[in-house]
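J.: sequence plus predicted model, see below.
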Amino acid sequence: MIFDILTIFPGIFKSPLAESLLGKALNRGLVEVRVRNLRDFTEDKHRLTDDYPYGGGAGMVMKPEPIIRAVEEIKTEAPDARSILLTPQGERFHQGLAKSMSAHQHWILICGRYEGLDERVRLLAVDREISIGDYILTGGEVPALVFIEAVSRHLPGFLGCEQSLDEDSFSHGLLEYPQYTRPAVFRGMAVPDVLLSGNHGQIERWRRKESLRRTLHKRPDLLKKAQLSEEEQAILAELKNQQETAIE
Ligand code: J9Q
């Protein structure tokens, strides 16, 4: 999979791409990330990538020429590349999108700045607009990293063991159950007995119940979308019942 990043701050990407699983995937050639400085696509003497907004107002607007030049150059070389603009106005990113977008093998990520970019870029060179959430950021660089990480994780071989992807929260729509490691007692707090029992059936049931309990308490909105088995629905009904009796 190839990601071409178009940015005026190429330095931001250095360590996030060098570390951890993403760093390994890059070293192994599973993923290729090409960070492209938009200034290198300017043709004026000052190498300007932004300019004052027509009509006045605060802030600067990204000029169309460098972005269009970069996207067209990449698409001439790789006609199947698709471009994404990271912007608060885009479609909200989520796990399902990350998975489906991992089926496409070449993405161009345009990192806009908060004040915005010339509207003609959107019309001429943006295939899709993506938002990672409703908050203000200075630019699309961090959203681009979020996109790369969430999409790359779905490539076969990205994770050491393939099962941890599907067992993660969100892939089954529930929050993770509580985890413990040694010591068995820490500051007077003991690890739940069931986890030391060696009874794998019981451990699995406990984990499913705790997942449901947490989701009910912290993210009840997720339960509406989750695909629950009969058994899980029964556990959930029991938890809700306990919640009501606790209130009374
Ligand atoms: C470019 N806030 O925010 C959420 N997803 C993307 C963004 C964003 C931003 C500012 C500039 C992208």
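T.: That came through, no problem.

J.: what's the span of stretch 214-233, first residue to last?
T.: Start and end residues of stretch 214-233 are separated by 14 Å (C-alpha to C-alpha, to the nearest Å).

J.: okay, buried residues for it please.
T.: Arg214, Thr215, Leu216, Leu222, Leu223, Ala226, Leu228, Glu232 (16 or more other C-beta atoms under 10 Å). Backbone N, C-alpha and C define where each C-beta goes, glycine included.

J.: assumed the third one was part of a helix.
T.: Yes. Secondary structure of Leu216, determined by DSSP: H, G, I helix; E, B strand; the rest coil: located in a helix.

J.: surely it touches Leu223?
T.: Yes. Counting by C-beta atoms under 8 Å, Leu216 touches Leu223, with 6.6 Å between them.

J.: which residues do these two both contact?
T.: Common contacts of Leu216 and Leu223 (C-beta atoms under 8 Å, 6 or more residues apart in numbering): Leu236.

J.: just checking: what are the partner strands of the strand or helix carrying Ser83?
T.: Assigned by DSSP states H and E, Ser83 belongs to strand 82-92. Within its sheet, and counting by DSSP bridges, strand 82-92 is paired with strand 106-111 (parallel), strand 128-131 (parallel).

J.: what parts of this structure come near the ligand?
T.: Contact residues (C-beta under 6 Å from any ligand atom) of the chain with the ligand: 86-88, 112, 114, 131-133, 136-137, 139-140, 143.

J.: so Pro79: helix, strand or coil?
T.: Under three-state DSSP, Pro79 comes out as coil.

J.: may I ask which two of the residues of the chain next to the ligand are separated the most?
T.: Spatial extent of these (C-beta to C-beta) is set by the pair Gly112 and Gly133 at 15.5 Å.

J.: on that earlier part again, any idea which of the residues of the chain next to the ligand is least confident?
T.: Among these, Tyr114 carries the lowest pLDDT, at 85.

J.: and the closest residue to it other than its chain neighbours, how far from Lys63?
T.: Nearest residue to Tyr114, sequence neighbours excluded (C-beta to C-beta, 6 or more residues apart in numbering): Thr138, at 5.5 Å. From Thr138 across to Lys63, the span is 18 Å (C-beta to C-beta, to the nearest Å).

J.: for these two, indicate the residue with more neighbours.
T.: Between Thr138 and Lys63, counted using other C-beta atoms under 10 Å, the more crowded position is Lys63 (18 against 10).

J.: mind checking pLDDT for that one?
T.: Per the predicted model, pLDDT is 98 at Lys63.

J.: ok, Asp168 next?
T.: 62.

J.: how about the helices in this structure?
T.: Using DSSP state H, the helices of the chain run over 14-18, 20-27, 64-77, 95-101, 119-125, 141-152, 163-167, 200-218, 220-225, 230-247.

J.: how about those helices, which one is nearest Val194?
T.: Val194 sits nearest to helix 200-218 of all the helices of the chain, at 4.7 Å, using C-beta to C-beta.

J.: Ala234 versus Ala246, what's the distance?
T.: Counting by C-beta to C-beta, the separation of Ala246 from Ala234 is 19 Å.

J.: between the two, who's got more neighbours?
T.: Using other C-beta under 10 Å as the criterion, Ala246 and Ala234 rank with Ala234 on top: 11 against 7.

J.: from the strands paired with strand 82-92, which stretch is densest packed?
T.: strand 106-111 (a mean of 24; mean count of other C-beta atoms under 10 Å).

J.: average model confidence for it?
T.: 98.

J.: any residues touching the strand holding Ser83, and which ones?
T.: Defining contact as C-beta under 8 Å, 6+ apart, one finds that strand 82-92 is touched by 71, 75, 97, 104, 106-112, 117, 121-122, 125-134, 136, 140, 143-144, 147.

J.: pull out the buried residues from it.
T.: Buried residues in strand 82-92, counted by 16+ other C-beta under 10 Å: Ser83, Ile84, Leu85, Leu86, Thr87, Pro88, Gly90.
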